[in-house]
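>>> Attaching a predicted model along with its sequence, questions to come.
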Amino acid sequence: MEVNSLFSQSGDAELVNEFGEVGIVISDNDILDKLKEICVSYRLTSSSIANEWAAYSQNNHVIDISVDGLGGFETSIALKHKKSQKTLTTPQHVKQTKKNRREFGIEQDSDINSTTDDDTDLLLSAYSTPAIKSKLKRLHTTPENRVVKRTSAGMSPLPVLPFSPASFSPAQTPSHKYKSRLNSGDVLTKFGSVADSQWLEEVANSPCTILHYNSKNALQIPFQYMFQKLLDKALILNDVMLDISSQIQSTHNLESFSPLALPIQDKCTFAGRVCCDSNGRLNSQSVLLEGDIDMCAGRNVQLDLSEISNKSFSLFPGQVIVVEGTCPSGKVLRAENIYQGIAKPFAAIAVTDNTTDLHVTVASGPFTTQDNLSFDPMNDLINHIKTVNPHVCVMTGPFIDVKNEVILKCQADISYDELFQLHITQLLRATESSQTQFVIVPSCRDVHHDPVYPQPPFPMNLPAELAKNVHLMSDPCLLNINGVITAITSTDILFSLGSEEISMGSAKDRLSRLVQHIITQQSFYPLWPPAEDVCIEYEQFYDYARLPVTPHILITPSDLKCFVKDIDGCLCLNPGRVTKGFVGGTFAQMIVKLPHISDTGTGGVTAHTAARVIRI
């Protein structure tokens, strides 16, 4: 069976669009044909293969997509596919697997459960970082570099290098890619209409006030973590579900909720949280609806999505929804209508007579290329700030990235805290004359800070003349910047949601749907269970990671494609990363025309805001 016969032109366009949403442009037909071949061979959808490539390129530091590079990608897919076959132990599953393999023209292995050492090495190389991969290779040492042998079985010996400038300095070849870039200043996307000259003109020194939206519910000091109890965690999640479902009920004038898992012939209204019936990814056949503790005792039922009236839904694990339908057997809920959350109202904007346009620069780490700690991209950002002189510069982590090769190889010659303090101090001193105020938000990828969510602000000791222009905030945080309510998080919730979400018949594009989930679920991180690299303390989450109002501006840095979107009046911005691997990335600029906003306006600011994402 030919590959092209299985894909229509619309299927090609869908594949190109899905890769475009993760920041990959496919213009080569050979690459497109290879991707379609992989889809057919391993029964992957366009969305699935795009997510698999995003994870593969990040884990293996692959910058560009090519036909040759897709060979290693196909190997990793094949290993994961072969591993998944081991779980198919029932006769029905084995029978279905053999049938599918015959349909796709794939030869059946004589022993699908057998694995070799080469398979294990390939699997490790597919998921390991460069530093770990180097441990699997044979070491080439000189007599001066004495090798210390490890006694644990299966552990490869590591060389102990004497400290010297040569041993500390990483290779300079990848850094040359950043220095030799030719696309600096290119505009990737923009929103609103503003003259090009206005972006680069120096902003007058006008007053700018940065405050917490609610100082009583702002995370400002560290807290103890890893002490939460399962019962407390369950009660908090239950309270969140009850809160959102009651808002949906009152907004849409719905009848009282009925308990789940009881046989009900009549059409009723049910509330609950979406979850998956297994440890795999959610699909339309594995959706469960879990009820609350008081009425339903936490029981769940299977959610049948085949009879939805408008044939449109967008679901992910942890989403609080309200469903209208019937549950005749008490085991399967046949959904007819689904209410997928509700957005909070906007906060009022108080405009004064002396209010001027608000200029904001947004940049998200890493601020140095992956092969060194020279922070050349941060220096370029400093030059931009000195030229434009914005009112506010929002900088989100990681600043000292745990994925940096120098960090992975333990080659830094000073402590991580000292390294961070050094570069932030240099940043503030270099821009001291510009009067720009900096908002510094940490990241769970910062190696020198607590990897917990919500994450307290960085602890720093700055001189008084520098501390007046810096605001150390938590992740996430909700700020009032000259009356504009701005929500900021450095955690890549969009990537995590995109890996779990399923949708059908939605009028919005994928990125718009993902951002809308944050607003309608009234949470900076609505996904549950969270991604493996996100450690949530739910007692703190309930107080500091929920949205009491819909923000005017939502800043969510992500590895996905950069964008500026109007989501129901909220300006949603993904500025991208300042660096991507060994090459330069992007940052963003915004201009909010506050004088054009009516006094005590209660709507969004998108009609009076311009934004653009440009290359560093």
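Cool, the structure landed.

>>> hang on, isn't Leu15 packed against Ile26?
Yes: counting by Cβ atoms under 8 Å, Ile26 is a contact partner of Leu15 at 7.4 Å. No exception for glycine: its C-beta is placed from N, CA and C like everyone else's.

>>> which regions of the protein sit below the pLDDT cut-off?
Along the chain, the parts satisfying pLDDT under 70 run over 1-10, 84-175, 196-197, 200-205, 351-354, 598-602.

>>> counting residues per helix, which one in it is longest?
Scanning the chain for the helix with the most residues, using DSSP state H, yields helix 230-251.

>>> anything in contact with each of Leu15 and Ile26?
Jointly contacting Leu15 and Ile26 under the rule Cβ atoms under 8 Å, 6 or more residues apart in numbering are 32, 35.

>>> Neighbour count for these two, which is higher?
Between Leu15 and Ile26, counting by other Cβ atoms under 10 Å, Leu15 is the more crowded of the two (21 against 16).

>>> so what's that one closest to, chain neighbours aside?
Nearest residue to Leu15, sequence neighbours excluded (Cβ to Cβ, 6 or more residues apart in numbering): Ser46, at 4.5 Å.

>>> From what I see, the one you found and Glu18 are in contact.
Yes: judged on Cβ under 8 Å, Ser46 makes contact with Glu18 at a distance of 4.4 Å.

>>> measure the residue nearest to Leu15 to Glu537 for me?
Applying Cβ to Cβ, to the nearest Å, the value for Ser46 to Glu537 is 37 Å.

>>> ok, then the element right after the helix or strand hosting Ser512?
Using DSSP states H and E, Ser512 maps to helix 510-520. Using DSSP H and E, the helix or strand that follows helix 510-520 towards the C-terminus is helix 538-544.

>>> any idea which helix or strand comes after that next one?
Following helix 538-544 in sequence, per DSSP H and E, is strand 553-555.

>>> Against which helices or strands is that following strand packed?
strand 484-488, helix 510-520, strand 570-574 (3 or more Cβ pairs under 8 Å, 6 or more residues apart in numbering; DSSP states H and E).

>>> if you compare the ones you listed, which one is most tucked away?
Of all those, strand 570-574 carries the top mean neighbour count, a mean of 26, counting by mean count of other Cβ atoms under 10 Å.

>>> Now do it against helix 510-520: the angle between them, please.
120 degrees (axes from the mean of the first three to the mean of the last three Cα atoms, to 10 degrees).

>>> ok, the helix or strand just after strand 570-574: who's next to it in the sheet?
Counting by DSSP H and E, the next helix or strand C-terminal to strand 570-574 is strand 579-580. Partner strands for strand 579-580, per DSSP bridges, with pairing direction: strand 583-584 (antiparallel).

>>> residues making contact with the strand it pairs with?
Applying Cβ under 8 Å, 6+ apart, the contact partners of strand 583-584 are 63, 177-178, 181, 183-184, 369, 377, 578, 615-616.

>>> Could you do stretch 294-314 as well?
Counting by Cβ under 8 Å, 6+ apart, 234, 238, 257, 259-261, 272, 274-275, 277, 284, 287-292, 323, 325, 327, 330-338, 340, 501-507, 513, 517 sit against stretch 294-314.

>>> Report the separation between the two terminal residues of it.
Length of stretch 294-314, first residue to last, Cα to Cα, to the nearest Å: 27 Å.

>>> 43 is where my numbering starts, stick with that
Sounds good: first residue 43 from here, last item stretch 336-356.

>>> hmm, back to that, elements contacting the longest helix of the chain?
If contacts are counted by 3+ Cβ pairs under 8 Å, 6+ apart, helix 272-293 sits against strand 306-318, helix 335-338, strand 362-369, helix 580-586.

>>> and that helix, which residues are buried?
278-280, 282-284, 286-287, 289-291 (16 or more other Cβ atoms under 10 Å).

>>> And stretch 309-328, by the same measure?
Buried residues in stretch 309-328, counted by 16+ other Cβ under 10 Å: 310-318, 324.

>>> export those to JSON lines and tack on distance to Asn295?
Listed next are these as JSON lines, based on distance: Cβ to Cβ, whole Å:
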{"residue": "Cys310", "distance to Asn295": "15"}
{"residue": "Thr311", "distance to Asn295": "11"}
{"residue": "Phe312", "distance to Asn295": "16"}
{"residue": "Ala313", "distance to Asn295": "15"}
{"residue": "Gly314", "distance to Asn295": "20"}
{"residue": "Arg315", "distance to Asn295": "22"}
{"residue": "Val316", "distance to Asn295": "23"}
{"residue": "Cys317", "distance to Asn295": "27"}
{"residue": "Cys318", "distance to Asn295": "31"}
{"residue": "Leu324", "distance to Asn295": "30"}
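
>>> Return the member of these nearest to His513.
Set against His513, the nearest of those by Cβ to Cβ is Arg315 (35.0 Å).

>>> picking that back up, tally up the residues packed near the residue nearest to Leu57, please.
Applying other Cβ under 10 Å, we find 20 residues neighbouring Ser88.

>>> Now for it: which residues touch it?
53, 56-57, 59-60, 81.

>>> now it: how far from Glu94?
Separation of Ser88 from Glu94 (Cβ to Cβ): 11 Å.

>>> How about residues contacting the longest helix of the chain?
For helix 272-293, contacts defined as Cβ under 8 Å, 6+ apart pick out 296, 299, 311, 313-315, 334-336, 340, 362-364, 381, 383-384, 563-565, 570, 580-581, 583-584, 588.

>>> Alpha carbons of that helix, in PDB - could you do that?
Output in PDB follows, covering the C-alpha atoms of helix 272-293 (Å, rounded to 0.1, in the frame of the first residue of the first chain):
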ATOM      1  CA  LEU A 272      -2.800  12.500  50.200                       C
ATOM      2  CA  LEU A 273      -6.100  13.400  51.900                       C
ATOM      3  CA  ASP A 274      -5.300  17.100  52.000                       C
ATOM      4  CA  LYS A 275      -4.400  16.900  48.300                       C
ATOM      5  CA  ALA A 276      -7.700  15.200  47.500                       C
ATOM      6  CA  LEU A 277      -9.700  17.700  49.400                       C
ATOM      7  CA  ILE A 278      -8.000  20.700  47.700                       C
ATOM      8  CA  LEU A 279      -8.700  19.200  44.200                       C
ATOM      9  CA  ASN A 280     -12.300  18.500  45.300                       C
ATOM     10  CA  ASP A 281     -12.700  22.200  46.400                       C
ATOM     11  CA  VAL A 282     -11.400  23.400  43.100                       C
ATOM     12  CA  MET A 283     -13.900  21.200  41.200                       C
ATOM     13  CA  LEU A 284     -16.800  22.300  43.400                       C
ATOM     14  CA  ASP A 285     -15.900  26.000  42.900                       C
ATOM     15  CA  ILE A 286     -15.700  25.900  39.100                       C
ATOM     16  CA  SER A 287     -18.700  23.600  38.600                       C
ATOM     17  CA  SER A 288     -20.900  25.900  40.800                       C
ATOM     18  CA  GLN A 289     -19.800  28.900  38.600                       C
ATOM     19  CA  ILE A 290     -20.700  27.000  35.400                       C
ATOM     20  CA  GLN A 291     -24.100  26.100  37.000                       C
ATOM     21  CA  SER A 292     -25.000  29.600  38.000                       C
ATOM     22  CA  THR A 293     -23.800  31.200  34.700                       C
END
